[in-house]
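J.: Model the structure of this input:
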Amino acid sequence: MSGTDDDRSDEERGAPESRDATPPANDTPAPGHRSGEGDEDHVNPAETEQFEEFREDLDAVERRIAGEIDPGVRAMVVASAVFVLLLSLVLPHTGGARGFDVLLGSQAATIEHVGLPSRIFVWFVLIFGIGFSLLALMTRRWVLAWIAVAGSAIGSAFGVFSIWHRQTPGLNNYVGSGPGIGLILGTLAIVVLTFHWVKVVWSRTALQLAAEEQRRIAAAREEERQRRDRFGED
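T.: The predicted model follows:
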């Protein structure tokens, strides 16, 4: 009996010791776990979301800048050409008719038998050469500059045609007054204006194409990164 009791006491004392010697299940590292290494490969979702918000703002700013022009020193040339166009409307267009007379269709323009080419020309000068050019300079919007380019180019053609028309005999061999100083100055000014607007717009178009290419490359890289993260690739 005493031997049995001693053996039982030894087993009772050994059981707690064996339980204490067993390591906790939570302390055992899981197979394949890399302590301190795996956390560096994963980006914090909160930081990623915050970056995406800033990315949208950056894209919006980039699109706004891409829609603007930077004429630089050409702005002075464009402004000077616009001033000459304004002056051409005050100077004689042909004979005793000034540019504003042709624009408004006054009695002086009727007496000088001002034809349709001159009327179209002065309206293109007013709307595109002066109006849209001033808007494009003040707002620096690329779209307005393009409109100014298109209208000024057409106006240049009508200006040259108007000079030729004033030197050509009309019906019943009618010979009217030749082109006035206002018509000649207006034609030269709108040609110069068209040339410089084309330079400004074309340089901005090349910059926009380069920026668009960079956006496509960045979008492709971002898509590839998301695909690697989704499938757990290194």
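
J.: quick one: pLDDT of residue 30?
T.: The per-residue pLDDT reported for residue 30 equals 48.

J.: Same check on residue 213?
T.: 68.

J.: Kindly report the same for residue 129.
T.: 95.

J.: doesn't residue 190 make contact with it?
T.: Yes: with contacts counted by C-beta atoms under 8 Å, residue 129 reaches residue 190, the gap being 4.9 Å. For the C-beta atoms, the positions are set from N, CA and C on the backbone; glycine is no exception.

J.: which residues do these two both contact?
T.: The contact sets of residue 129 and residue 190 overlap at 81, 85, 152, 155 (C-beta atoms under 8 Å, 6 or more residues apart in numbering).

J.: mind listing the helices for the protein?
T.: Ranges of helices within the chain are 2-21, 38-41, 45-66, 74-90, 99-104, 107-111, 116-124, 133-139, 142-166, 181-231, based on DSSP state H.

J.: circling back: of the shared contacts of residue 129 and residue 190, buried ones?
T.: Neighbour counting over the shared contacts of residue 129 and residue 190 (16 or more other C-beta atoms under 10 Å) leaves 81, 85, 152, 155 as the buried ones.

J.: which ones are touching the first one?
T.: It stands for residue 81. By C-beta under 8 Å, 6+ apart, the contact list for residue 81 reads 129, 133, 189, 190, 192, 193, 196.

J.: now, among these, which is nearest to residue 75?
T.: residue 196 (9.1 Å; C-beta to C-beta).

J.: Against residue 161, how distant is that closest one?
T.: From residue 196 across to residue 161, the span is 22 Å (C-beta to C-beta, to the nearest Å).

J.: Between these two, which has more neighbouring residues?
T.: Each of residue 196 and residue 161 has its neighbours counted (other C-beta atoms under 10 Å); residue 196 has more, 21 against 17.

J.: my guess is that one contacts residue 76, does it?
T.: No: judged on C-beta under 8 Å, residue 196 makes no contact with residue 76 at a distance of 9.9 Å.

J.: what's the closest non-adjacent residue to residue 128?
T.: residue 151 (2.5 Å; C-beta to C-beta, 6 or more residues apart in numbering).

J.: Quick check: the one you found touching residue 126?
T.: No: the pair residue 151 / residue 126 is not scored as a contact, 10.1 Å apart, by C-beta under 8 Å.

J.: Looking at these two, which is more packed in?
T.: Comparing residue 151 with residue 126 by other C-beta under 10 Å, the one with more neighbours is residue 151, at 22 against 17.

J.: Spatially nearest residue to residue 134, not counting backbone neighbours?
T.: residue 82 (6.3 Å).
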